[in-house]
Structures are given as structure tokens and as C-alpha cells.
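Engineer: Pasting the sequence and the predicted coordinates here, then a few questions.
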Amino acid sequence: METEKKKKIGIPRSLLYFKYYPLWKIFLEELGFEIVLSDHTNAKIVEIGGNYAIDEICIPLKLYYGHVLNLLEKDIDYLFVPRYISTTFGTYMCPKFLGLPDMVRGTLDNLPPLIELEIDLRKKPKFYSATELGRSLKKSTWQIRKAYEEAIKGYHKFRELMIDGLSFKQAISVIDSKKWDFKPKKKKKKRSAKIALIGHGYNIHDEFINMNLLKKLAGMDVQVVTLENLPVEIFHQNTVISTTLKNYWGNEEEILSAMNYLYEDKEIDGIIFICSFCCGPDSLIDEIITRDVKKLGIPYICLVLDEHSGQAGVITRIEAFVDMILRKKKGLIITAQSAPIEVEVSEKINNKIGV
């Protein structure tokens, strides 16, 4: 007797894939489905995503459309499009996450059935959301509970691996191989500088859209720290900006928490913030960070990503930023608060991606 063929669920390699993919993957696989991913971001995905999206939206959402269209060329039975409304109490996610299934359904034709996972901690715990999803896929409560427990275990392992210094790609590789006892080797070599590369996962870990910035910084003898490499406990408490200003956006909350932690880290030599063109919340956070780093004298630069061509200028700026930090460490410039440095560290760059 032939084994029943598993149904295939397509997951776009975009947006919250770079944060929650191990959780989704393990949960759905434990429920008996096969996962199909879209291709890694490339010039074609950028182009077709831009053709289907309106000009005013941010590049991550344009990319999402491109990844969905890429999946439609593959043999999938369902398309996984989660709806993340609130992941921390008292805040909301960006509107693109709140309405993602509706935007995809209202923009693209000939879609397979959509699988929606709605996360809204204001109204229900995550396990309840997982239960709703499992029941919509006609799975029993016992199957759902077992799958969820395995997914949580795998996701915690994924976070531990990244806290131990692994890159997103390396941590995903370990999760795919299910090597739960894997222990990363401690890096002994001390690099010339330690720089925090901060931003949303879909900007930091998508190698095409940021022109493989992590690898380029490593090539400059820089130890790079990303948001996912920081201790989990620093994200458990809401950040207070001021007595009158409260952060509204949940997906910016983790950036503010990370920044507050990094301000106290004496080993951090500089901070690079990657944000998206047309992203209002990112722009607001950049202003808050800029004011803080000026007071603290921390070298800082903001890279603004969009989809247009040209990258040489950005790489030159990053090289100049790293060189400034190295010169500062060697005592060749007086202080990060001196006039020449202040101009350098507060300048924003329009990073245009080759397509």
C-alpha cells in the first residue's frame, strides 16, 4: 500500500520568515505537511514584486509579493501567509503584518488556499492561535499540542544558537538537520572592531537586499552583532522613551530594547541601523537613536534600503565608517563627539539595490 502523499505548504522567504520560520516549519511538518520555500531573494523576485506592488510601500513588502509569485511557480497545495497583529502587550505590529493575508488575496490572482496564522496577544495566547490553525487543517487536539511543543523546543534551540553567535543561515541549517545537541565552537580570534548591525530581520539577514553586508563587514575584520545575537531577556520589558512618548509599534520595540542594551555595552565600537525607505516607524526610531548616540558619543550610521540600482557608494561609506572607528580606537581622532565625526555618524545613506 502506497503512503499517502504529503500536502505541500509554500512559505515565502521574506518578512517574518527571518524571525519565526523555525517555529512555523516544525509545527507544520509535525502536523504532516511538507514545506516548500520560495527561492532566495534575487533580481527577478525584486523586479516582479515591484511590478505588483504600489510605489509608495516599503521594499520588504514589495519583496514579499515577489516571493509569493515565485512560490506560485512551484507545486504547492497551500500558501502560508500569517497575520501578526500584536506580539507584545500594549503594542501593534506594522500594518503590513496586520493586513498581509488581505493584501495578498486582494492583489494576486490564481492563489492556492491561504493558511493564516493569526497572532494577537491582546486577545489570546499563542497556543490558542496554533490550535485554531491546526483545527482548520483538520488535525486533532493531541496532534496540535505535540506539534506545538516540538515547534517551541526547536525555536528555543534556534534562538540559543543565534545568541551563541551563529548567523541566521547557520542556525537554520542546524534546525533543518535536527541536531538538537549541536554546540557552536567559541570564536577565539579578536577582531579589530565590534559593530552592532541593528534592524528588522528581513533587512539584516536577506543577503541580496543588503548586498551581503554581514560578509563584507567580516571581511573588514569587524565582529558583527545582530539583534538576534543579544540575550532574550532584554526583550521582555517594554522600553520607556520618555514620560510623554510611548512606542506604539511592536516590531520597533525590540530595536529600542536592543539599543538600550547596546548603550551599556562598553565593547561596542559603533552601530549601523538598516531601515527601509518609506517605513515611517523606522524613521521615527532612527530619530530617537540619533539623539541618544549623540549624547553618548557612539559612532552611528543609518542605511536606508530601496530597490533601485547602485551599491558602490554604500560600500564606500561603510568602509569609511569602519575606518573612522579604527582610527578612533587608535587615538588618531580625538572623540566621537568632535565635529568631523558627528557629521559622519549621523549621515543617512540611500542604499539602492542592483536589479
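Structural biologist: Thanks, I have the structure now. Numbers count the residues shown, from 1 in each chain.
Engineer: Tell me which stretches of the stretch 1-150 of the chain form helices.
Structural biologist: 17-30, 43-52, 59-72, 95-98, 100-107, 126-136, 141-163 (DSSP state H, counting those that start in this stretch).
Engineer: which residue is nearest the centroid of the protein?
Structural biologist: For the chain, the residue nearest the mean C-alpha position is Gly201 (1.1 Å; C-alpha atoms, centre = their mean).
Engineer: okay, now the residue nearest to Ser276 when sequence neighbours are not counted: neighbour count?
Structural biologist: Spatially, and ignoring its direct neighbours in sequence, Ser276 is nearest to Cys58 (4.2 Å; C-beta to C-beta, 6 or more residues apart in numbering). Bear in mind the C-beta positions are built from the backbone N, C-alpha and C, glycine included. By other C-beta atoms under 10 Å, 24 other residues sit near Cys58.
Engineer: Phi first, then psi, for Cys58.
Structural biologist: phi -80, psi 160 (degrees, to the nearest 10).
Engineer: List the contacts of it.
Structural biologist: Neighbouring residues of Cys58 by C-beta atoms under 8 Å, 6 or more residues apart in numbering: Lys96, Ser276, Phe277, Cys278, Cys279.
Engineer: so which pair among these is furthest apart in space?
Structural biologist: Lys96 and Phe277 (13.9 Å; C-beta to C-beta).
Engineer: for the stretch 101-250 of the chain, what spans make up the strands?
Structural biologist: Along the stretch 101-250 of the chain, the stretches classed as strands by DSSP state E, counting those that start in this stretch are 114-115, 118-120, 193-199, 222-226.
Engineer: can you tell me which of those comes nearest to Asp206?
Structural biologist: strand 193-199 (10.6 Å).
Engineer: Show me the contact partners of that closest one.
Structural biologist: 204, 213-214, 217, 221-227, 255, 258-259, 262, 267-275, 282, 322, 325-326, 329.
Engineer: right, and Pro22 touches Val174 too?
Structural biologist: No. Applying C-beta atoms under 8 Å, one finds Pro22 not in contact with Val174, separated by 9.6 Å.
Engineer: out of those two, which sits in the more crowded spot?
Structural biologist: Counting neighbours by other C-beta under 10 Å for Pro22 and for Val174 shows that Pro22 has the greater number, 22 against 19.
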